[in-house]
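Trainee: using only what follows, build the 3D model:
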Amino acid sequence: MTDTGSSARTDAVEPPASVKLTLLTLTAMVVGSMVGAGVFSLPRRFAEETGVAGALIAWAIAGVGMLMLAFVFQTLAVRRPDLDAGVYAYAKAGFGEYLGFFSAFGYWASACVGNVTYWVLIMSTIGAVWPSLGDGDTLLAVVLSTLGLWAFFFLIRRGVKEATAINKIVTVAKVVPILVFVILALFYFQPSVFADNFGGADYAGSLFNQVRGTMLATVFVFLGVEGASVYSRHAKRREDVGRATVLGFLSVFAIFASVTIVSYGLMPMGEIAELRQPSMAGVLEHAVGTWGKVFVSVGLIVSVLGAYLAWTLMAAEVLFVAAEDNDMPRFLGRSNTADVPVPALLMTTLLSQIVLVVTMFSDDAFNFALDLTSALSLIPFFLAAAFAVKIAFRPGREGAVGDSTRRELVTAAIATLYTAFLLYAAGLKFVLISFILYAPATFLFIKARREQNRRLFSPGEAVICAVSVVGAIVGVTALATGWIEL
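Mentor: Residues are numbered from 1 along each chain as shown. Below you'll find the model as predicted:
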């Protein structure tokens, strides 16, 4: 990696050469990021909320919305090739440094919380045969997860090249069990059971509420669609970033929708909703016996560890690039001789550790971490999509390369509306909890401004800060009074 000249890099040791990633590796990063814990939890997550009809509508909405978002990242990678670390950089370029900072922090925090879901699900999987681990939220489970957290920290410290090579191998290995699940489910598919599940159960409510209830689950499984964009500074060819994004999305969309729909043909949705996570293992066990549960459980562990690797890399990358751009404190812009941003990696591991401890006090550790991960990612996604709208309207004023097209405008507008709907679907609870994380993060922004001897806030930034602080106060009060619960 060549030095950018940023003051944040003054303490870094310059590596001899930059690591460059091919289209295949970037696509593997996208697939590896998305195919993680979420896909193995889909049968129960959907059965808790909706029947077949609602699931089909939800996947149609999520598929179109996320495809538009994938096109947004593809377009922005080409139209603004000067911007690295995708989500964060687009928010800053479009809406200023403070909202760019919030986008960087929110995306990073989302990745850290998402990493916790991986360890919770691994421990819950093993807990089926080792009861002391419970549902992944017992003291022993947290201790073992902690050992895993720090083992990966030392692995990734060795270098980006080694870590991404491992991820490419793991991506292939973990997709196989999921495809086998779909094929076996089709073989044992029962049309009568599928028909009984079509309209949903009495507890599912109206069709609109059924669809709304699944939205955060679809966001979680699609997190990572921006993976190639986040790691754009390492791409051999800039156009590969957009290609990898779309290729990765289309591949996993087909897998996710298939896993959900075929499950409705194997068991009544009420029974699926009662399965322990990973529910895919329970569904296959019902169809083929114990070996199906073991097969899926092994595949899950491989899948989750690969996704954890990819997400930890991306989370640290966002903090690193933000520090290089002087939007985070300088110490986060340091990297070692292997081109790994060690301070950013350390902060990523520490936040995951804190959230891991918090899961012990949650009624449903996995679903809480999953929904919070989705909610934290929505503001960065919304700002990136809105920036694409600005570029489509006035490319010259936004520094874009080339002329905008009507297709770009329509794509960006749909992606913006979709992410706005997701914010509504998330509900007030997770918005307030997000503010509890966002508001204290402002201290990092203040530290960065002081290092540069700059004014702390502009008038507009001061208003945004005040809103986040009020939101955090309301959130803490709501938790303390029991209005919202973890």
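
Trainee: next helix or strand past the lowest-mean-pLDDT helix or strand in the chain?
Mentor: When each helix and strand of the chain is scored by mean pLDDT, DSSP states H and E, helix 227-230 comes last, with a mean of 56. Per DSSP states H and E, helix 227-230 leads on to helix 239-263 as the next helix or strand towards the C-terminus.

Trainee: export the helix or strand following that next one as CSV, just CAs?
Mentor: Per DSSP H and E, helix 239-263 leads on to helix 269-272 as the next helix or strand towards the C-terminus. C-alpha atoms of helix 269-272 as CSV (Å, rounded to 0.1, in the frame of the first residue of the first chain):
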residue,chain,number,x,y,z
MET,A,269,-44.6,-23.3,10.6
GLY,A,270,-45.6,-23.4,14.3
GLU,A,271,-43.2,-26.3,14.8
ILE,A,272,-40.4,-24.5,12.9
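
Trainee: show me what helix 269-272 is packed against.
Mentor: helix 37-47, helix 279-288 (3 or more C-beta pairs under 8 Å, 6 or more residues apart in numbering; DSSP states H and E). (C-beta placed from N, C-alpha, C; glycine too.)

Trainee: could you identify which of those is most buried?
Mentor: Compared across the helices and strands packed on helix 269-272, helix 37-47 shows the largest average neighbour count, a mean of 28 (mean count of other C-beta atoms under 10 Å).

Trainee: helix 239-263 and that one, what's the angle between them?
Mentor: 40 degrees (axes from the mean of the first three to the mean of the last three C-alpha atoms, to 10 degrees).

Trainee: so which helix or strand takes in the residue nearest to L250 when sequence neighbours are not counted?
Mentor: Distances taken as C-beta to C-beta, 6 or more residues apart in numbering put L67 closest to L250, at 7.8 Å, once the chain neighbours are dropped. Assigned by DSSP H and E, L67 falls within helix 52-79.

Trainee: how far off centre is that helix?
Mentor: Distance, stretch centre to chain centre, for helix 52-79: 15 Å (C-alpha atoms, centre = their mean, to the nearest Å).

Trainee: ok, then the element right after it?
Mentor: Criterion used, DSSP H and E; the element after helix 52-79 is helix 86-95.

Trainee: please name every helix or strand in contact with that next one.
Mentor: Packed next to helix 86-95, using 3+ C-beta pairs under 8 Å, 6+ apart, are helix 52-79, helix 97-127, helix 227-230, helix 290-324, helix 365-393.

Trainee: present the ones you listed as JSON lines; the columns should include distance to V31.
Mentor: Formatted as JSON lines, the helices and strands packed on helix 86-95 follow (distance: least, C-beta to C-beta, whole Å):
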{"stretch": "helix 52-79", "distance to V31": "13"}
{"stretch": "helix 97-127", "distance to V31": "16"}
{"stretch": "helix 227-230", "distance to V31": "8"}
{"stretch": "helix 290-324", "distance to V31": "9"}
{"stretch": "helix 365-393", "distance to V31": "18"}
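
Trainee: deepest of those, which one?
Mentor: helix 227-230 (a mean of 30).

Trainee: dump the helices and strands packed on helix 269-272 into a markdown table; add distance to Q452 and mean pLDDT as well.
Mentor: Below are the helices and strands packed on helix 269-272 laid out as a markdown table (distance: least, C-beta to C-beta, whole Å; pLDDT from 0 to 100):
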| stretch | distance to Q452 | mean pLDDT |
| --- | --- | --- |
| helix 37-47 | 39 | 82 |
| helix 279-288 | 49 | 88 |
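
Trainee: can you list the ones you listed in JSON lines and add distance to Y418?
Mentor: Converted to JSON lines, the helices and strands packed on helix 269-272 look like this (distance: least, C-beta to C-beta, whole Å):
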{"stretch": "helix 37-47", "distance to Y418": "18"}
{"stretch": "helix 279-288", "distance to Y418": "26"}
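
Trainee: of those, which is nearest V120?
Mentor: helix 37-47 (8.1 Å; C-beta to C-beta).

Trainee: elements contacting that closest one?
Mentor: Against helix 37-47 (3+ C-beta pairs under 8 Å, 6+ apart) you get helix 97-127, helix 207-222, helix 239-263, helix 269-272, helix 279-288, helix 290-324, helix 365-393.

Trainee: ok, back up a step: lowest average pLDDT across the helices and strands packed on helix 86-95?
Mentor: Ranked by mean pLDDT, the helices and strands packed on helix 86-95 end with helix 227-230 at the bottom, a mean of 56.

Trainee: what about L378, distance to M215?
Mentor: 10 Å (C-beta to C-beta, to the nearest Å).

Trainee: err, V52, not the other one
Mentor: Separation of V52 from M215 (C-beta to C-beta) stands at 17 Å.

Trainee: same question for L139.
Mentor: 33 Å.

Trainee: equivalent analysis for A281, please.
Mentor: Applying C-beta to C-beta to A281 and M215 gives a distance of 24 Å.

Trainee: give the contact list for L300.
Mentor: By C-beta atoms under 8 Å, 6 or more residues apart in numbering, the contact set of L300 is 37, 40, 121-122, 125, 177, 278, 280-281.

Trainee: could you measure the closest residue to it other than its chain neighbours against T245, distance?
Mentor: Nearest residue to L300, sequence neighbours excluded (C-beta to C-beta, 6+ apart): F40, at 4.8 Å. F40 sits 23 Å away from T245, going by C-beta to C-beta.

Trainee: what does the pLDDT read for the residue nearest to the spatial centre of the chain?
Mentor: Nearest to the mean C-alpha position of the chain, by C-alpha atoms, centre = their mean, lies L223 at 3.4 Å. In the predicted model, L223 carries a pLDDT score of 70.

Trainee: for the closest residue to it other than its chain neighbours, give me its contacts.
Mentor: Leaving aside its chain neighbours, L223 sits nearest to S377 (5.7 Å; criterion: C-beta to C-beta, 6+ apart). Shown in contact with S377 (C-beta under 8 Å, 6+ apart): 106-107, 110, 219, 223.

Trainee: the residue nearest to L300 touches V283, doesn't it?
Mentor: No. If you go by C-beta atoms under 8 Å, F40 and V283 don't touch, sitting 10.2 Å apart.

Trainee: coming back round to it: quick one, what contacts the residue nearest to L300?
Mentor: 121, 277-281, 296, 300, 303-304.
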